[in-house]
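# here is my input, please return the structure:
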Amino acid sequence: MRRLWLCVLLLWSAAFAGYAQGVLAVPALSGHVVDTTATLDASQRQALESKLAAFEAAHGAQVVVLMVPTTQPEDIASFANRVGNTWKIGRKAVGDGVLLVVAKSDRKLRIEVAKSLEGAVPDLAAKGIMDSAITPAFKQGDYAAGLNAGVDQIMTLIKGEGLPAPAQKTGAWQADTDFQWQDLAVFVFFGVLVGGAVARRVLGNKLGSVATGGVVGFVVNLATGSLLIAGLAAVAAMVFVLVSSVGRALSGGHASGYSPISTHDSWGSGSGSDGGGFSSGGGGDFGGGGASGDW
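Numbers count the residues shown, from 1 in each chain. Modelled structure (predicted):
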């Protein structure tokens, strides 16, 4: 009997593993428009991207369009929910995200709505947007027109929800609490550990420390737009690498039990939501609200 149950368990495990391997991977979140089907040309994609980016800047909510060939073996509702919760569209404190998924070869689409916007975009309204604005254009082969008409209606509904205003920019740097400071800190920390060690070996202790500080300052300035923060980070990195080199020299060339490459224990603390220069707000709790359709 034990062998029989063991065989059944192994068969279930193998079936589940096969299903998991066949599930479509969630694409990288590279912008407000992610088209893996190459359906939209450059001008169409850029126009839609600019519209959604401007809406986010003005109202805070994130609306993202994803086009894939198919969602199989998942149905489009399960796939859209998985993508929404992986990407975490919408501001962290508000959760104002909407995802429009088009499975072109399946001829199916889905409007997936984060929980906080289910009142603004209820299931019936989402279905109405697809039936009246999106699918008629899709049936004519005009995907750009359908997507634009659909997001226009989605944005109109969101505007009426009275969401908190987005954070305003102050100078060259936006003091936004949604900025991924933890990701930047982790990246800089490990970059200094690994890059500093390599720079010291190649350039020597002093020059390697200066070079590491310069690279860190450049990266931090790109990420924050603040010369003050970049300068402080550069000095801190340079001093850290220089002090580390002195410590290694005093201990006979290496610190006891220390390896600049052994940093995996702290890795993985970032949100992983960034892609191609675009980042979600870290919110978007998607509970299955929205509607599906076809054409």
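# the stretch 101-250 of the chain: strands as residue ranges?
Along the stretch 101-250 of the chain, the segments classed as strands by DSSP state E, counting those that start in this stretch run 108-113, 169-170, 173-174.
# which of those strands has the lowest average pLDDT?
Mean pLDDT values for the strands of the stretch 101-250 of the chain show the minimum at strand 173-174, a mean of 44.
# let me see the ranges of the helices in the stretch 101-250 of the chain.
Remark: helices assigned in the stretch 101-250 of the chain by DSSP state H, counting those that start in this stretch are 123-129, 135-139, 143-159, 181-203, 205-224, 227-250.
# in JSON lines, list these along with mean pLDDT, distance to G287 and mean neighbour count.
Bear in mind the C-beta positions are built from the backbone N, C-alpha and C, glycine included. Output for the helices of the stretch 101-250 of the chain, formatted as JSON lines (pLDDT from 0 to 100; distance: least, CB to CB, whole Å; neighbours: other CB atoms under 10 Å):
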{"stretch": "helix 123-129", "mean pLDDT": "96", "distance to G287": "12", "mean neighbour count": "17"}
{"stretch": "helix 135-139", "mean pLDDT": "97", "distance to G287": "25", "mean neighbour count": "17"}
{"stretch": "helix 143-159", "mean pLDDT": "96", "distance to G287": "17", "mean neighbour count": "19"}
{"stretch": "helix 181-203", "mean pLDDT": "70", "distance to G287": "26", "mean neighbour count": "16"}
{"stretch": "helix 205-224", "mean pLDDT": "78", "distance to G287": "32", "mean neighbour count": "19"}
{"stretch": "helix 227-250", "mean pLDDT": "74", "distance to G287": "37", "mean neighbour count": "16"}
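# so which of the ones you listed gets nearest A61?
When the helices of the stretch 101-250 of the chain are compared by CB to CB, helix 143-159 sits nearest A61, at 5.0 Å.
# look at the closest residue in space to V23 that isn't next to it in sequence and tell me its secondary structure.
Of all residues beyond its chain neighbours, the one nearest V23 is E74 (6.2 Å), with distances taken as CB to CB, 6 or more residues apart in numbering. Classification of E74 by DSSP: H, G, I helix; E, B strand; the rest coil places it in coil.
# just the pLDDT for E74.
93.
# hang on, isn't G84 packed against L117?
No. G84 lies out of contact with L117 (CB atoms under 8 Å); the separation is 11.3 Å.
# closest to S280 out of the helices of the stretch 101-250 of the chain?
Here helix 181-203 is closest among those (CB to CB), at 12.3 Å.
# count the neighbours of the spatially closest residue to R91 that is not a sequence neighbour for me.
Excluding its sequence neighbours, the residue lying closest to R91 (CB to CB, 6+ apart) is G281, at 3.9 Å. Neighbourhood size, G281 [other CB atoms under 10 Å]: 24.
# enumerate every residue touching G281.
Q62, K88, I89, G90, R91, K92, V94, G97, D178 (CB atoms under 8 Å, 6 or more residues apart in numbering).
# ok, so of those residues, who is nearest V23?
K88 (18.9 Å).
# okay, now that closest one: neighbour count?
As a burial measure, K88 scores 24 neighbours (other CB under 10 Å).
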